[in-house]
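A.B. asks: Show me how the following folds:
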Amino acid sequence: MSSNSVSYPKCTSSFTFTHERRFLMRIVDARGKFSLRNEGALEVFFIGVGSAFALKHFQTNVILVKGNTHIAVDFGMTAPRALKETAGLEVTDLETVLPTHSHADHVGGIECVGLMSRYFGIPRLGKKKPVFIINEEYQEILWDRTLRGGMEWNEEEQTSQSLLGFCDYFDVVRPQWLKHQPREILSVNYGGIEIEMFRTMHIPDSARGWQDSFVSFGLWVDRRVFISVDTRFDRDLIDLYAHRSEVMFHDVQFFPGAVHAPLADLKTLPEDIKRKMHLMHYSDDWERQDISGFAGWTLQGHRYIFD
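C.D. replies: Below you'll find the model as predicted:
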């Protein structure tokens, strides 16, 4: 699963036009030497770009960096190893996490973040509790249905009256609900990184729309970068953000149905949208797929720098 065994097309920079404005996005290979600080430009760094069951690219988790602020968007089952191999970082280096939904490839490493922080990072390294950007509804779901079994019983001389809770491990920042939007959208400006968290139509595959889907979010970052995270093909969502986004990172699957966006459906998009769309969350047979017309595959361990 090491990124060193994966080949990608060479790519160092990319230019495009949005609203008659020229922008520069630099793509820099930073595998094994990524920093959680920079001089102020927005960076998008994927520690993994694979699907939940991919063996070559780790699972799709991303780190946003701007100045002295970083946000790990999701932290899945492969994330602790991916963070070390792809970025050269340790779990205790993470200060902020934004979980988008409760599939294991997105939250399977969060227990590790909490336990490493409480029992190593704080007492031995002098770290603070990690900050979680999470609304109250999803915090309750994440704790009660995913994290609680492995995290509430961890103290010496603990009793049923002194069980640990989410906020014993993490500090919390609440995104705010944006009213009068075409779908549920939350907003947060954290350390200068501005994020809209939009509801996605991910699971179950029988859901008729985002309203009927289980809680899951994608992101629009700094009014520039669209990251679908996990969603079925949702043309309304794409149309809502495509022409306001300079770059789009969209998940893909190579077969019809199920709970991600089929490549065949994404190919029906207008050419100007496909030209700005990088495909992510792909399975190990990605090299056999024809993605002519798209911006390309999202690259693991590369810095997408927006100047």
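A.B. asks: Identify the residues contacting the closest residue to P99 other than its chain neighbours.
C.D. replies: Take P99 and drop its neighbours on the chain: the residue closest to it by Cβ to Cβ, 6 or more residues apart in numbering is V107, 5.3 Å away. No exception for glycine: its C-beta is placed from N, CA and C like everyone else's. V107 sits next to D74, F75, G76, P99, H101, L142, T146, L147 when contact means Cβ atoms under 8 Å, 6 or more residues apart in numbering.
A.B. asks: I'd like the distance between H202 and W153.
C.D. replies: Note on H202: its distance to W153, by Cβ to Cβ, to the nearest Å, is 31 Å.
A.B. asks: The two: which is more packed in?
C.D. replies: A direct count of neighbours by other Cβ atoms under 10 Å for H202 and W153 places H202 higher, at 26 against 13.
A.B. asks: Without its sequence neighbours, what residue ends up closest to that one?
C.D. replies: Using Cβ to Cβ, 6+ apart, the closest residue to H202 is S216 (4.2 Å).
A.B. asks: repeat for E39
C.D. replies: Spatial nearest neighbour of E39, chain neighbours left out: G67 (7.4 Å); criterion: Cβ to Cβ, 6+ apart.
A.B. asks: give me phi/psi at that neighbour?
C.D. replies: G67 has phi and psi values of phi 60, psi -130 when expressed as degrees, to the nearest 10.
A.B. asks: again, but for V113
C.D. replies: Taking degrees, to the nearest 10, you get phi -60, psi -50 for the backbone angles of V113.
A.B. asks: I'd say it and G76 touch.
C.D. replies: No - contact criterion Cβ atoms under 8 Å: V113 and G76 do not qualify, at 11.2 Å.
A.B. asks: Flag the shaky bits of this protein, pLDDT-wise.
C.D. replies: Low-confidence segments of the chain (pLDDT under 70): 1-23.
A.B. asks: quick one, helices of it?
C.D. replies: Here the chain has its helices, by DSSP state H, at 79-82, 104-107, 110-116, 122-125, 136-142, 148-151, 166-169, 235-241, 263-266, 271-274.
A.B. asks: CSV for the ones you listed, including distance to N38?
C.D. replies: Supplementary listing: the helices of the chain in CSV, determined by distance: least, Cβ to Cβ, whole Å:
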stretch, distance to N38
helix 79-82, 20
helix 104-107, 25
helix 110-116, 22
helix 122-125, 22
helix 136-142, 29
helix 148-151, 32
helix 166-169, 28
helix 235-241, 25
helix 263-266, 31
helix 271-274, 29
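A.B. asks: Can you check which of these gets nearest to V188?
C.D. replies: For V188, the closest of these is helix 136-142, at 13.1 Å, according to Cβ to Cβ.
A.B. asks: Return the distance of the residue located most distally from the centre of the chain relative to M151.
C.D. replies: If you look at how far each residue of the chain sits from its centre, by Cα atoms, centre = their mean, the farthest one is E157, at 37.5 Å. Plainly put, E157 is 17 Å away from M151 if you go by Cβ to Cβ.
A.B. asks: Ok, E90 next?
C.D. replies: On the measure of Cβ to Cβ, E90 and M151 end up 20 Å apart.
A.B. asks: One more: Q59?
C.D. replies: Separation of Q59 from M151 (Cβ to Cβ) stands at 21 Å.
A.B. asks: Between those two, point out the one with more neighbours.
C.D. replies: Ranked by neighbour count (other Cβ under 10 Å), Q59 and M151 place Q59 first, with 27 against 20.
A.B. asks: residue contacts, the more buried one?
C.D. replies: Shown in contact with Q59 (Cβ under 8 Å, 6+ apart): G48, G50, S51, A52, G76, M77, T78, A79, A82, D105, H106.
A.B. asks: What of I291?
C.D. replies: Contact partners of I291, counting by Cβ under 8 Å, 6+ apart, are L263, L279, W297.
A.B. asks: do the same with F306
C.D. replies: F23, L24, M25, A41, L42, E43, V44, D222, R224, V225, E246, V247.
A.B. asks: So which of those wins on neighbours?
C.D. replies: V44 (27 neighbours).
A.B. asks: my read: that one touches L64, true?
C.D. replies: Yes - counting by Cβ under 8 Å, V44 touches L64, with 6.1 Å between them.
A.B. asks: joint contacts of those two?
C.D. replies: Counting by Cβ under 8 Å, 6+ apart, the residues touching both V44 and L64 are V221.
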